[in-house]
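Engineer: Predicted model, plus sequence, below.
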Amino acid sequence: MIIYLTEDDSVYAEFIQKTLGRNTAYKITWFASAEAWLPVAQKTVPDAIIIDYKLPGMSGIELYQALLPQLKEENKCIVMSSIDDGNMVLNFIKQGVGDYVIKDENVIDSLVAILEGKEDEYYLFN
């Protein structure tokens, strides 16, 4: 599974990459900003996209909106944030975001559940 991670915090990005990367089926490419991701998006869309909500420049939601025309139903798109705000999540859902993960002690379990299609077995927004 090809995964593109967009996260501006390099330490957090490395944590996500190394931890998810223990599963050799995951091939993870990291981008530090939405602007770094967009030129690549014009050429290819990965199986899964993990986007931090708060990014420098273009936000994670703005990146998601820019990618929407290229996304197919089988592409997994996960927005993650350290902000636990029900109104924000409701806004994401209204914009079409199917999966939202809070950056907490369960972030890896949450990401894996979504990537493996087991989000219904896990307490997540879907």
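Structural biologist: All right, it came through fine.
Engineer: tell me the phi and psi of Asp99?
Structural biologist: With angles defined as degrees, to the nearest 10, Asp99 sits at phi -130, psi 130.
Engineer: repeat for the one 5 residues further on
Structural biologist: Note on Asp104: its backbone torsions stand at phi -140, psi -160 [degrees, to the nearest 10].
Engineer: Tell me how many other residues surround it.
Structural biologist: 11 (other CB atoms under 10 Å). (Glycine included, C-beta is placed from N, CA and C.)
Engineer: show me what contacts it?
Structural biologist: Going by CB atoms under 8 Å, 6 or more residues apart in numbering, Asp104 touches Ser82, Asp84.
Engineer: got the contact list for the closest residue to Glu74 other than its chain neighbours?
Structural biologist: Distances taken as CB to CB, 6 or more residues apart in numbering place Asp47 nearest to Glu74, at 7.6 Å, with adjacent residues excluded. Contacts here follow CB under 8 Å, 6+ apart; on that basis Asp47 touches Met1, Ile2, Ile3, Glu74, Asn75, Lys76.
Engineer: go on, Leu20?
Structural biologist: Applying CB under 8 Å, 6+ apart, we find Leu20 in contact with Ile3, Tyr26, Ile28, Ile108, Leu111, Val112, Leu115.
Engineer: So for the strand or helix carrying the fourth one, what gets flagged as buried?
Structural biologist: This points to Ile108. Under the criterion DSSP states H and E, the helix or strand holding Ile108 is helix 107-115. If you call a residue buried by 16 or more other CB atoms under 10 Å, then helix 107-115 has these buried ones: Val107, Ser110, Leu111, Val112, Ala113, Ile114, Leu115.
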